[in-house]
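# below are the sequence and a predicted model for it; my questions follow.
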Amino acid sequence: MPDSITLKDGRKLAYATYGKPDGTPVFFFHGNPGSKVMKHPDDSIIDNLNIRLITADRPGYGQSEFQKNRVLLDWADDVEQLADALNIDKFYVMGVSAGGPYAAAAAYKLSNRVIAAAIVSGASPVDRPGAYEGMNETYQKAFKSAGLPEWLLKILVGIQRRNVLKDIDKSLDERTGYLSENDRKLMAMPDYRQNMIDFRRDAYHQGAQGMVREAKILVAPWGFDPANISRPVHLWYWADDTLVPQQMGRYLESKIQNTIPHFHDAGGHFSIYDHWQEILEALLQTDS
């Protein structure tokens, strides 16, 4: 059920928990757009794995209050305060898509508490040569537009938000032209599609400023060297993903000390739904 805590700086952080209240804690970091309601439609998977899944809205998404000038590493501080509030000492983290860098940040900054991490179709640093290789043109433009002045970016994201909320089904269908065949099949399945609709609607609850800040974060340097991540990190990527191409995962594999690679020949950006149980099982079996 959705809930919230008040952070040390006075901000509200909203979150939801799924699965077993006394299960193994896994913090799940949503994509962009995304929110605390992003999850697999089949709750029996985390129940059977005895998992307590905790998903929080990042600042400016869903019901979490906006944080001005936030940077990537700030999220680790929010996660630590949430873990403290829930009386959780050690935990796992998993981030999908735009949530991938946040999983890396938590594994780096909270190395005394994070047992292991999973980055699933997660964006890598883009301040490097060839960072956009294999990414479809529409997403390349979206990433590069983050360099625009913030006032202009806020207008553009605001227009996008209005269009999405006006007809979420239509906005999803407009993406199919640059998605893999596997992604298109998933989007056509009612349970998966409904979850995509739910988390997109929830993500836009507060307006555009949270997404504008996130766009700036995704194209900025991470603020730490991935080589200094000491925790084990699972990397899950699919060859037909043109939103976050597989080369981003290979780059992280070349930088992070201790990785467990899961690179697949097919699939797509939303293959997390197909491999949800497999990803969680592998994560929980990781020795710290």
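Perfect, I can see it now. Fair warning: this is a prediction, and the values are worked out from it, not measured in the lab. Residues are numbered from 1 along each chain as shown.
# which parts of the helix or strand harbouring residue 45 are buried?
Using DSSP states H and E, the element containing residue 45 is helix 44-48. Neighbour counts over helix 44-48 (16 or more other Cβ atoms under 10 Å) mark 45, 46 as buried. The way it works is simple: take the backbone N, C-alpha and C, and place the C-beta from them, glycine included.
# what's it packed up against?
strand 12-19, helix 276-284 (3 or more Cβ pairs under 8 Å, 6 or more residues apart in numbering; DSSP states H and E).
# neighbouring contacts of it?
Identification of contacts with helix 44-48 by Cβ atoms under 8 Å, 6 or more residues apart in numbering yields 18, 19, 20, 23, 40, 53, 276, 277, 280.
# for the closest residue to the last one other than its chain neighbours, give me its contacts.
Translated: residue 280. Leaving out its chain neighbours, the residue that sits closest to residue 280 by Cβ to Cβ, 6 or more residues apart in numbering is residue 49, at 5.7 Å. Counting by Cβ under 8 Å, 6+ apart, residue 49 touches 19, 23, 24, 277, 280, 281, 284.
# got it, and residue 222?
72, 73, 101, 104, 105, 125.
# of these - the most surrounded one?
residue 104 (30 neighbours; other Cβ atoms under 10 Å).
# measure it to residue 197 for me?
28 Å (Cβ to Cβ, to the nearest Å).
# show me where this protein has helices.
44-48, 74-85, 100-109, 137-145, 150-166, 168-173, 181-187, 190-203, 209-219, 246-255, 276-284 (DSSP state H).
# residue 139 contacts residue 177, correct?
No - counting by Cβ atoms under 8 Å, residue 139 stays clear of residue 177, with 11.9 Å between them.
# neighbour count: those two, which is higher?
residue 139 (17 against 9).
# quick check: phi and psi on the residue nearest to that one when sequence neighbours are not counted?
Distances taken as Cβ to Cβ, 6+ apart place residue 243 nearest to residue 139, at 5.4 Å, with adjacent residues excluded. The phi and psi values for residue 243, taken as degrees, to the nearest 10, are phi -90, psi -50.
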